[in-house]
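**Student:** test case, fold it:
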Amino acid sequence: METGKKVALGATLVAVLAVGVRFGLLVHQRHVDENAPAVSHAEDWKKGTDEDSLVFLKKKRPGNLKDVKELDGTTVWVSAGGQMEYYPVAGKRAVYGKPAGTLLGAQRMEVKDAIEQAGAPKGATFRIPGGDKQVLLVFTLPQSSDPEKEYAVPVGYKQGGEYTFYTDELFFYDDPHQLYSHWGPKVWAAVDAHRAELGMSEAEVQLALGQVSKSVSEEYGNRMVVYINGGHPKAVTFVKNRATAVRDDQGF
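**Tutor:** Alright, predicted model coming up:
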């Protein structure tokens with residue numbers, strides 16, 4: 001992909017959960033409780049952190065609309081949880097007026113199509129620019145109450161004849177439950193329920209609660225992080241990369 005296609009989104013950059021490393025979006029005005037006690041049952045959650053770095057995450061690196069359409073008929077899972085709003089589809093167009101929801105971490109999606117659409121409103125360009133045309137992935141949610149209903153989510157844009165895509169940052173192309181099977185059933189039950197539990201690592205909590213978060217400290221695994229969690233903020237304190245405290249936080 002040409003250099004021009006790799007221009008970062010800056011403030012709109014989509015973060016990705018990769019090899020167990022958390023890329024934060026915002027900055028938090030709190031400090032880690034360095035003296036928080038270790039969790040007595042942390043052994044239940046112990047396996048995982050070191051093995052995260054060994055996980056191979058596929059990259060598609062699409063360069064044009066045809067490349068993105070190669071995802072048609074495939075299954076993807078959300079890695080950028082809590083960041084991307086999606087929209088109903090009518091007549092092969094996204095109905096931008098009212099979002100249908102926000103994609104959650106590890107959520108399964110069945111890809112049906114990729115479309116271009118001009119005129120994206122400001123609310124739909126917070127993460128992905130509108131450009132001359134936005135590129136949206138059309139999909140269904142097989143585990144929802146209406147598994148046949150189609151939705152669309154922005155995944156890139158076209159500007160001056162050139163495309164920029166963020167599918168590699170937004171999705172897992174393989175089932176994360178298998179990629180991170182070493183997290184174990186207890187962790188995955190919490191992640192799929194979008195719940196933080198004592199003993200979970202930062203990577204595990206991020207996939208459970210979403211990537212929109214803030215923390216004053218850059219010391220990964222030894223700090224407090226507040227996750228917006230779909231409007232229900234949770235403050236999670238980590239010591240040695242294990243959650244030692246989880247509480248509601250209304251100061252996000």
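**Student:** drop to CA atoms for contacts and neighbour counts, all remaining ones
**Tutor:** Noted.
**Student:** ok, for the residue positioned nearest the centre of the chain, nearest residue in space, not its chain neighbours?
**Tutor:** Centroid check for the chain by Cα atoms, centre = their mean gives residue 80 as the closest residue, at 1.2 Å. Excluding the flanking residues, the one nearest residue 80 by Cα to Cα, 6 or more residues apart in numbering is residue 170, at 4.9 Å.
**Student:** check residue 248 too.
**Tutor:** residue 234 (4.6 Å).
**Student:** I'd say that neighbour and residue 245 touch.
**Tutor:** No: here residue 234 lies out of contact with residue 245, judged by Cα atoms under 8 Å, at a distance of 10.1 Å.
**Student:** which one's more surrounded, those two?
**Tutor:** For residue 234 versus residue 245, the count of surrounding residues by other Cα atoms under 10 Å is larger for residue 234: 23 against 20.
**Student:** for the more buried one, grab phi and psi.
**Tutor:** Here is the backbone geometry of residue 234 (degrees, to the nearest 10): phi -120, psi 130.
**Student:** kindly state the beta-bridge partners for it.
**Tutor:** For residue 234, the beta-bridge partners are residue 227, residue 248 (DSSP bridges).
**Student:** how far away is residue 90 from residue 152?
**Tutor:** 10 Å (Cα to Cα, to the nearest Å).
**Student:** residue 101 too?
**Tutor:** Applying Cα to Cα to residue 101 and residue 152 gives a distance of 11 Å.
**Student:** would you mind telling me which of the two has the busier surroundings?
**Tutor:** residue 152 (29 against 14).
**Student:** doesn't the more buried one fall inside a helix?
**Tutor:** No: under DSSP: H, G, I helix; E, B strand; the rest coil, residue 152 sits outside any helix and is assigned strand.
**Student:** which ones are touching it?
**Tutor:** Contact analysis of residue 152 by Cα atoms under 8 Å, 6 or more residues apart in numbering lists 86, 87, 88, 89, 94, 136, 137, 138, 139.
**Student:** give me phi/psi at the last one?
**Tutor:** Backbone dihedrals for residue 139, given as degrees, to the nearest 10, come out at phi -150, psi 170.
**Student:** surely residue 123 forms part of a strand?
**Tutor:** No: counting by three-state DSSP, residue 123 falls outside a strand, being helix.
**Student:** what pLDDT is listed against it?
**Tutor:** Looking at residue 123, its pLDDT stands at 92.
**Student:** so what's the residue count around it?
**Tutor:** Residue 123 has 12 nearby residues by other Cα under 10 Å.
**Student:** try residue 70
**Tutor:** Residue 70, neighbours per other Cα under 10 Å, totals 14.
**Student:** ramachandran angles for it?
**Tutor:** phi -70, psi -10.
**Student:** would you mind measuring from it to residue 112?
**Tutor:** On the measure of Cα to Cα, residue 70 and residue 112 end up 10 Å apart.
**Student:** likewise residue 119?
**Tutor:** From residue 119 to residue 112 the distance is 22 Å (Cα to Cα).
**Student:** comparing these two, which residue is more hemmed in?
**Tutor:** Between residue 119 and residue 112, residue 112 has the larger neighbour count (other Cα under 10 Å), namely 18 against 12.
**Student:** surely that one is within a strand?
**Tutor:** Yes: counting by three-state DSSP, residue 112 is part of a strand.
**Student:** got the contact list for it?
**Tutor:** So residue 112 contacts 71, 72, 73, 74, 137, 138, 139, 140 (Cα under 8 Å, 6+ apart).
**Student:** of those residues - the most surrounded one?
**Tutor:** Neighbour max across these (other Cα under 10 Å) = residue 139, 28 neighbours.
**Student:** just to revisit the earlier point, out of the contacts of residue 152, who's nearest residue 230?
**Tutor:** Each of the contacts of residue 152 was scored against residue 230 by Cα to Cα, and residue 86 proved nearest at 13.8 Å.
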